[in-house]
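Novice: Sequence unavailable; structure follows:
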């Protein structure tokens, strides 16, 4: 039986992700044990919180290396929210923190803009830039739920799967490479459309022809 593991590295929001997976009939194991994570057939890497604290935990516990090893093994991996940011090279949050470096790019803070609060919180439109199996059956322009003050930036075009606009600022809201895909928006808080993405992920074989 295939193992679906949700990474628990103390970054919060874990229960809602496990519950969302359970709601669509998927049994997921939440684990902070690198030996469990590294054996996962399919991995979800969620979280909310600060990049510095998250990276400290990932580095000290060996969870970060386990995630990298699962990605390198070619098994499907899904990042959500801070799990989308930490797979890049670095984050401005907490003073330019070095992150996992699985996809080129960095995480930056939204610029202050009159009439637009930070964090960016609530429903917003997601415009797909490339086809990806986890978005099968979902039309471009659907709304998903966001809660974040930082966002991915300087991501190579080939790795950008969706963009979102907040005020005058457009940012990458879904990115990926090969067997790794990640969303800045919260799938577990995005109602039926978020659940459909999670279901699609559960059926995805990890192949992504768009960028190799």
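Specialist: Noted; the coordinates are in hand. As the structure is a computational prediction, the values presented were derived from the model and not from experiment.
Novice: lowest confidence element among the helices and strands of the chain?
Specialist: In the chain, no helix or strand scores lower on mean pLDDT, DSSP states H and E than helix 93-96, which sits at a mean of 89.
Novice: And the next helix or strand past that one?
Specialist: strand 97-98 (DSSP states H and E).
Novice: how about the next helix or strand along the chain from that following strand: buried residues?
Specialist: Next in sequence after strand 97-98, counting helices and strands by DSSP H and E, comes strand 106-109. If you call a residue buried by 16 or more other C-beta atoms under 10 Å, then strand 106-109 has these buried ones: 106-108. C-beta here means a position set from N, CA and C on the backbone, and glycine is covered the same way.
Novice: Summarise which helices and strands strand 106-109 is packed against.
Specialist: Counting contacts by 3 or more C-beta pairs under 8 Å, 6 or more residues apart in numbering; DSSP states H and E, strand 106-109 is packed against strand 90-91, strand 150-153.
Novice: Please identify which of those strands is closest to residue 21.
Specialist: Residue 21 sits nearest to strand 150-153 of all the helices and strands packed on strand 106-109, at 23.8 Å, using C-beta to C-beta.
Novice: and the closest one, how far out from the chain's middle?
Specialist: 12 Å (C-alpha atoms, centre = their mean, to the nearest Å).
Novice: so what strands line up beside that strand?
Specialist: Next to strand 150-153 in the sheet, as set by DSSP bridges, lie strand 106-109 (antiparallel).
Novice: Residues touching the strand it pairs with, excluding its own?
Specialist: 51, 85, 88-93, 99, 118, 149-154 (C-beta atoms under 8 Å, 6 or more residues apart in numbering).
Novice: same question, stretch 58-66
Specialist: Residues outside stretch 58-66 that contact it (C-beta under 8 Å, 6+ apart): 7, 9, 32, 34-35, 37-38, 55, 57, 67, 86, 100.
Novice: on that earlier part again, now the buried residues of strand 106-109 in JSON lines, with distance to residue 187 and pLDDT?
Specialist: Formatted as JSON lines, the buried residues of strand 106-109 follow (distance: C-beta to C-beta, whole Å; pLDDT from 0 to 100):
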{"residue": "106", "distance to residue 187": "23", "pLDDT": "98"}
{"residue": "107", "distance to residue 187": "19", "pLDDT": "97"}
{"residue": "108", "distance to residue 187": "22", "pLDDT": "98"}
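Novice: ranges for the helices of this protein?
Specialist: Using DSSP state H, the helices of the chain run over 14-23, 34-37, 51-61, 63-72, 82-85, 93-96, 191-203.
Novice: If you count neighbours, what's buried in stretch 17-30?
Specialist: 17-18, 20-21, 26, 28, 30.
Novice: and of those residues, the nearest to residue 142?
Specialist: Nearest to residue 142 among the buried residues of stretch 17-30: residue 20, at 16.9 Å, using C-beta to C-beta.
Novice: wait, isn't that closest one in contact with residue 188?
Specialist: Yes: counting by C-beta atoms under 8 Å, residue 20 touches residue 188, with 4.0 Å between them.
Novice: how close does the residue of the chain most remote from its centre get to residue 171?
Specialist: Largest separation from the mean C-alpha position in the chain: residue 114, at 28.3 Å (C-alpha atoms, centre = their mean). As for residue 114, its distance to residue 171 is 18 Å (criterion: C-beta to C-beta, to the nearest Å).
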